[in-house]
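Q: Just a sequence and a predicted model for now, questions to come.
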Amino acid sequence: MTPSGTTLIDEWRAALCGGRWFASLPEASQGALLAAARERRLPAGATLFRRGDPGDGLFAVLDGGLRVGAVDPHGRELLLQVLGPPHWFGEITLFDGGPRTHDVSARGDTRLLQVPLAALQRLTADDPQWWLHLGRLLAEKSRALMLGLEQLAALPAPQRVATRLLALAEGHGMLAEGQAQRRLALNQEQLGAMLALSRQTVSEVLREFESRGWLRRGYGQIELLDPDALRALAGP
């Protein structure tokens, strides 16, 4: 490894250790994963992959952000999730060999880490413990998905909005303990799309939260001022 390569891997490691899954890996496993990785950059609006594309490895967000979506039968774009650093994704196709499940594109200029599929296959062949590591990543996503579905079905609009704002701030459970983002790069229309709520309903809820001093709305962003108050409303 060249000095410049070593410096780059150290930079990647520092950025990704803010995520719970990567930080929990043994140091040797972290090193093996980063040694197999390569950096990619996407300009705003560029597509990383589309639903139906073949799997091409595991990704992590270093800087910027991604939108995960789909197109409904009427041709309307649906926003399902936003991903920011240090979120890892793309593991599903490694387990089932199937195609990509959704469209993923850059919300702004975005820097990614990619571990190509062939490199992941070598890692799992050389050390079967990697299946446990990757299974934990998949389980974290499944847990967050089930909780999200329950909230959509059972919670009234204010609790739904509060819960989703907190989930976004905490990286859907992917951030290391004590890590959270206060500024969320999304608008009320995008938030409504993720929650199956109208733009008007989301606007009313956010206006109420803002009047209580819990958050501040800005152009294309929402800043959380009192996460504890949102957490108390969201409930257990």
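A: Nice, I can see it.

Q: pull the CA atoms of stretch 127-145 into PDB?
A: Only the C-alpha atoms of stretch 127-145 are listed here, as PDB (Å, rounded to 0.1, in the frame of the first residue of the first chain):
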ATOM      1  CA  ASP A 127     -13.600 -15.900   5.600                       C
ATOM      2  CA  PRO A 128     -17.200 -17.200   6.100                       C
ATOM      3  CA  GLN A 129     -17.500 -14.900   9.100                       C
ATOM      4  CA  TRP A 130     -18.300 -12.200   6.600                       C
ATOM      5  CA  TRP A 131     -21.700 -13.700   6.100                       C
ATOM      6  CA  LEU A 132     -22.400 -13.000   9.700                       C
ATOM      7  CA  HIS A 133     -21.200  -9.400   9.400                       C
ATOM      8  CA  LEU A 134     -23.200  -8.800   6.200                       C
ATOM      9  CA  GLY A 135     -26.200 -10.600   7.800                       C
ATOM     10  CA  ARG A 136     -26.200  -8.100  10.700                       C
ATOM     11  CA  LEU A 137     -26.200  -5.200   8.200                       C
ATOM     12  CA  LEU A 138     -29.200  -6.700   6.500                       C
ATOM     13  CA  ALA A 139     -31.000  -7.400   9.800                       C
ATOM     14  CA  GLU A 140     -30.500  -3.800  10.900                       C
ATOM     15  CA  LYS A 141     -32.300  -2.700   7.700                       C
ATOM     16  CA  SER A 142     -35.100  -5.200   8.100                       C
ATOM     17  CA  ARG A 143     -35.700  -4.100  11.700                       C
ATOM     18  CA  ALA A 144     -35.900  -0.400  10.600                       C
ATOM     19  CA  LEU A 145     -38.300  -1.400   7.700                       C
END
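
Q: could we number from 3 for the rest of this?
A: Got it, the first residue is 3 from now on, which makes the last one we talked about stretch 129-147.

Q: In it, which residues are buried?
A: Counting neighbours by 16 or more other C-beta atoms under 10 Å, one finds that the buried residues in stretch 129-147 are Trp132, His135, Leu136, Leu139, Glu142, Lys143, Ala146. C-beta here means a position set from N, CA and C on the backbone, and glycine is covered the same way.

Q: quick one: that stretch to chain centroid distance?
A: Here stretch 129-147 shows a centroid-to-chain-centroid distance of 15 Å under the convention C-alpha atoms, centre = their mean, to the nearest Å.

Q: Could you list the residues in contact with it?
A: The list of residues contacting stretch 129-147 from outside it, by C-beta atoms under 8 Å, 6 or more residues apart in numbering, reads 22-23, 26-27, 31, 34, 60, 90-91, 93-94, 96-97, 122, 125-126, 169, 174-176.

Q: What is the helix or strand bottoming out on mean pLDDT in the chain packed up against?
A: Counting by mean pLDDT, DSSP states H and E, the weakest-scoring helix or strand in the chain turns out to be helix 5-18, with a mean of 81. Using 3 or more C-beta pairs under 8 Å, 6 or more residues apart in numbering; DSSP states H and E as the contact definition, the elements that helix 5-18 packs against are helix 29-37, strand 60-65.

Q: Do you know the pLDDT at Glu29?
A: Looking at Glu29, its pLDDT is 94.

Q: How about His174?
A: Value for His174, per-residue pLDDT: 69.

Q: related to what we said a few turns ago, so which of the buried residues of stretch 129-147 belong to helices?
A: Trp132, His135, Leu136, Leu139, Glu142, Lys143, Ala146 (DSSP state H).

Q: measure the last one to Ser205 for me?
A: Here the distance between Ala146 and Ser205 works out to 26 Å (C-beta to C-beta, to the nearest Å).

Q: buried ones in the host helix or strand of Ala231?
A: Assessed by DSSP states H and E, Ala231 sits inside helix 229-236. Residues of helix 229-236 classed as buried by neighbour count (16+ other C-beta under 10 Å): Pro229, Ala231, Leu232, Leu235, Ala236.
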